[in-house]
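Novice: take this sequence and fold it.
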Amino acid sequence: MKKQLSLLVLLAALLLAACSNNEGDENKQEKDTTNDTVSMEDTQKELEAMKVEADSVVATVNGEEIRGKDYNTMLVQTQLRYTMEGKDPSKNETAETIKQEVMDNLIGQELLLQKAKEEGFTASDKEVEAELSQVKSQFESEEQLQEALKAQGITLEQYERQLANIVVVDKYVEENVETPEVTEEEMKAFYDEQFTKDADNPPSYDEMKDRIKSYLEETKLQKKVQELRNELNEKAEIEEMI
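Specialist: Below you'll find the predicted structure:
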């Protein structure tokens, strides 16, 4: 089954959290100045302040409530991604962008999930366990995975529920969205743009061809999924509370 980008984002966020934890451990002895410590603590407080009450309702989608705990989980994941991209998620303009991105993603996921369940798609325990096993294989130990989850403010049980919902949506997308075609010309153009410009010794096209094809297919697929979200959005009753 072709995986939707949301699962890849979840895994990437976990791996980034693990890297962040490791870097923090390695750099603790080096960063011993008071100013650095205070600055980090202030930033963390600002990020924490962006969270909402876990039991509050942040939005309703066709009568289904999206709770603060789900908002906070995706908020932490998104803040972490922005941080690893070198952007300061505590800045007012960036914080507002993150907030809207989180809301759009939560609502879009809920719309797809509702439609998938309406058409009878489900996720078995075996399917969820298979996805979880793939995630676990990316970590050196169970402890490292738990630390990465903790850094995002979620438990393993919550993560498993996220995986289950993604499996359901993936099945629906696979059934209803045709895998986009990627031409040889598109792959070569992407290779020329990304690998030969300003590169002294780039990998050959043949080495990168399969990866480029997968990337372009996924990019086109997500565009179609977004179009589907937009269609569902137009027909839905949506109310945002924050």
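Novice: is Gln79 in contact with Ile98, as I believe?
Specialist: Yes - applying C-beta atoms under 8 Å as the test, Gln79 and Ile98 come out as touching, 6.4 Å apart. To be clear about C-beta, it is placed using only N, CA and C from the backbone, and glycine gets the same treatment.
Novice: spit out the residues that contact those two alike.
Specialist: With contacts defined as C-beta atoms under 8 Å, 6 or more residues apart in numbering, the residues adjacent to both Gln79 and Ile98 are Met50, Pro89.
Novice: below-threshold pLDDT in the protein: ranges please.
Specialist: 1-40, 198-199 (pLDDT under 70).
Novice: and if we set it to 80?
Specialist: By pLDDT under 80, the low-scoring segments of the chain are 1-44, 151-153, 196-200.
Novice: show me where it has strands.
Specialist: Listed in chain order, the strands of the chain (DSSP state E) span residues 57-61, 64-67, 238-240.
Novice: and the first one, what does it pack onto?
Specialist: Using 3 or more C-beta pairs under 8 Å, 6 or more residues apart in numbering; DSSP states H and E as the contact criterion, the neighbours of strand 57-61 among helices and strands are strand 64-67, helix 68-84, helix 92-118, strand 238-240.
Novice: who wins for proximity to Gln44 among these?
Specialist: Distances from Gln44 to each of those were compared using C-beta to C-beta; the minimum, 10.2 Å, belongs to helix 68-84.
Novice: hang on, the earlier thing: out of the helices and strands packed on strand 57-61, the one nearest Tyr215 is which?
Specialist: The stretch from these with the least distance to Tyr215 (C-beta to C-beta) is helix 68-84; that distance is 17.8 Å.
Novice: flag every buried residue along that closest one.
Specialist: Residues of helix 68-84 classed as buried by neighbour count (16 or more other C-beta atoms under 10 Å): 68-83.
Novice: then stretch 82-93?
Specialist: Of all the residues in stretch 82-93, those buried under the rule 16+ other C-beta under 10 Å are Tyr82, Thr83, Pro89, Ser90.
Novice: repeat for stretch 207-222
Specialist: Residues of stretch 207-222 classed as buried by neighbour count (16+ other C-beta under 10 Å): Met208, Ile212, Lys213, Leu216, Glu218, Leu221, Gln222.
Novice: likewise stretch 92-112?
Specialist: For stretch 92-112, burial by neighbour count (16+ other C-beta under 10 Å) applies to 95, 98-99, 102-103, 105-112.
Novice: just curious, which of those residues is nearest to Ser133?
Specialist: Relative to Ser133, and with distances defined as C-beta to C-beta, the nearest of those is Gln109, at 22.8 Å.
Novice: many thanks, I have nothing further to ask.
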